[in-house]
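*Asks:* Take this sequence and fold it.
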Amino acid sequence: VDGGALERRAAEELMARHDINGDRLLNVNEFLAMMCPADVRSKGDSDFEDMLRAKFECIVQSWKSGEEAPARREAPGKARRVFERIDDDGSGDVTLDELVGHLDLKTAFGLLEVYDEDADGVLSREEFQTMLRPEVTA
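*Replies:* The predicted model follows:
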């Protein structure tokens, strides 16, 4: 990959190892498995993973079509319940430490960097819900 962070050989090895279906693209399941394999996660929340997957798929669909992708309807209160489970200390905010374990450090930090709108170092309930809502792509 010219100008990229990986040499071509390293990128090809990465794809060979993680492109499970062999389509030369990393889909969301392959990406999540690569970034935070299930066997090394210290925490797990299937609803959180499902909502992140839906968000990722909505973003990819929007990129491919050039138009806003239709959002999957979620059960009312699902994002709130996920937030409450992730907010281990009950502070009303989700910290980087609370995200890590569900996600690897790099992915957790990246999500915090993108969705922490007021740059206070934590995700408020509203910021967390924006992160999980599939229809919000930026």
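*Asks:* Tell me how many other residues crowd Q129.
*Replies:* If you count neighbours by other C-beta atoms under 10 Å, Q129 ends up with 18. All C-beta spots, glycine's among them, are computed from the backbone N, C-alpha and C.
*Asks:* Nearest spatial neighbour of the residue most central in space within the chain, chain-adjacent residues omitted?
*Replies:* Central residue of the chain (C-alpha atoms, centre = their mean): L52, 4.8 Å from the mean position. The shortest distance from L52 to any non-neighbouring residue, by C-beta to C-beta, 6 or more residues apart in numbering, is to L132 (7.0 Å).
*Asks:* could you point out which element follows the least confident helix or strand in the chain by mean pLDDT?
*Replies:* Ranking every helix and strand in the chain by mean pLDDT, DSSP states H and E puts helix 28-35 at the bottom, with a mean of 71. Once helix 28-35 ends, the next helix or strand along the chain (criterion: DSSP states H and E) is helix 46-65.
*Asks:* Return the set of buried residues in that next one.
*Replies:* 47-49, 51-59, 62 (16 or more other C-beta atoms under 10 Å).
*Asks:* now do stretch 77-90
*Replies:* Neighbour-count burial for stretch 77-90 [16+ other C-beta under 10 Å]: 79, 82-83, 86-87.
*Asks:* ok, now stretch 110-130?
*Replies:* Those would be 111-112, 115-116, 122-124, 127-130, for stretch 110-130 by 16+ other C-beta under 10 Å.
*Asks:* can you redo those residues as CSV with distance to G22 and pLDDT?
*Replies:* Converted to CSV, those look like this (distance: C-beta to C-beta, whole Å; pLDDT from 0 to 100):
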residue, distance to G22, pLDDT
L111, 28, 89
L112, 33, 91
Y115, 33, 92
D116, 37, 95
V122, 40, 95
L123, 36, 96
S124, 41, 96
E127, 37, 94
F128, 35, 92
Q129, 36, 87
T130, 35, 86
